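# I'll drop the sequence and a predicted model, then ask my questions.
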Amino acid sequence: MRLISACFTIVLFVSLANAQTSKPWTEWTKKDVDKTLSDSAWSQTQSEGGSRPQQESQSAITQVAAPRAAERDLSRTAESGESKATPSVKYHVRFLSAKPVRAAFARQVLLKQAQPNEQLTTQLQGFIDRSFADYIVISVGVEVSDERAGGMLTRAFSAATTETLKENVYLERKDGKKLFLMEYRAPTEDGMGAKFVFGRTVDGQPFLSETDSVRFFAQFNERMKLNTKYKLSEMLYDGKLEY
């Protein structure tokens with residue numbers, strides 16, 4: 001009975017995944033979009049804080065972005081023995097160079113329109129079909145529960161440069177080989193977050209293949225780190241490997 005239940009769960013999961021890629025992006029629901037952008041083969045979410053007491057939390061917000069006033073509050077909370085939840089932060093780490101991620105962003109724009117807009121749809125299709133033959137692009141969006149801490153994190157991303165990050169940001173294959181950052185682009189008003197650009201090939205050969213797993217690592221300072229993993233065998237969209 002347990003085996004049958006497990007098999008049913010797997011079939012259901014695969015069916016849901018296939019349903020998303022089998023219909024045009026213009027028909028995706030908000031649920032499809034959210035799934036693609038936060039928990040899919042191309043997008044992972046790294047969560048910090050929110051569930052642990054402040055005096056025990058090692059979250060990026062309390063250690064990296066919290067103002068001094070918040071730090072004083074943390075000290076007083078520890079002394080009084082109170083247990084308060086820390087502000088939460090979610091880093092959405094996505095393969096922007098993969099078509100389904102761009103399709104999800106495009107659909108997100110259309111869902112906000114009061115009326116159908118064919119011209120906008122055509123423009124967004126061009127964005128989805130854009131060639132990334134020479135680059136791999138990772139985008140990082142931030143979702144926070146506290147506006148003050150969110151502002152601090154936004155400033156941290158905005159202040160970073162290619163020079164300050166190039167030795168601390170890389171893609172790592174399962175064999176340990178690393179591909180270091182080529183270019184960093186701070187967040188803009190496009191809503192897609194910070195962008196990390198890597199070359200797609202090394203010595204004339206693709207750095208990644210369908211048999212690989214890959215880890216994205218980015219360290220902004222001693223305590224602010226991003227670390228997410230992906231399986232390329234799962235990154236198939238319309239029958240093609242997309243990353």
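Happy to help now that I have it.
# and T29, how far is that from R107?
9 Å (C-beta to C-beta, to the nearest Å). Bear in mind the C-beta positions are built from the backbone N, C-alpha and C, glycine included.
# the two: who's more crowded?
Neighbour count, other C-beta atoms under 10 Å: between T29 and R107, R107 has more, with 24 against 12.
# now stretch 170-188, how far from the centre of its chain.
14 Å (C-alpha atoms, centre = their mean, to the nearest Å).
# cool, and stretch 223-234?
9 Å.
# what does that stretch contact?
For stretch 223-234, the external contacting residues (C-beta atoms under 8 Å, 6 or more residues apart in numbering) are 41-42, 44, 46, 58, 60, 63-65, 91, 93, 95, 140, 156, 208-219, 241, 243.
# 7 Å instead, please
41, 44, 46, 60, 63-64, 91, 93, 140, 156, 208-219, 241, 243 (C-beta atoms under 7 Å, 6 or more residues apart in numbering).
# max-length strand in the chain?
strand 135-144 (DSSP state E).
# quick one: buried residues of it?
I136, V137, I138, S139, V140, G141, V142, V144 (16 or more other C-beta atoms under 10 Å).
# ok, that strand: who's next to it in the sheet?
Strand 135-144 has its sheet partners listed here by DSSP bridges as strand 89-95 (antiparallel), strand 194-199 (antiparallel).
# same list (those strands) but as CSV, adding mean neighbour count, mean pLDDT and distance to T162.
Output for the strands paired with strand 135-144, formatted as CSV (neighbours: other C-beta atoms under 10 Å; pLDDT from 0 to 100; distance: least, C-beta to C-beta, whole Å):
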stretch, mean neighbour count, mean pLDDT, distance to T162
strand 89-95, 23, 96, 18
strand 194-199, 20, 98, 9
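# quick one: closest of those strands to P24.
Counting by C-beta to C-beta, P24 lies closest to strand 89-95 out of these; the figure is 20.4 Å.
# ok, now which ones touch the residue nearest the centre of the chain?
When the chain is reduced to its mean C-alpha position, the nearest residue by C-alpha atoms, centre = their mean turns out to be V93, at 1.4 Å. Counting by C-beta under 7 Å, 6+ apart, V93 touches S43, Q44, Q46, I138, V140, F216, L226, T228.
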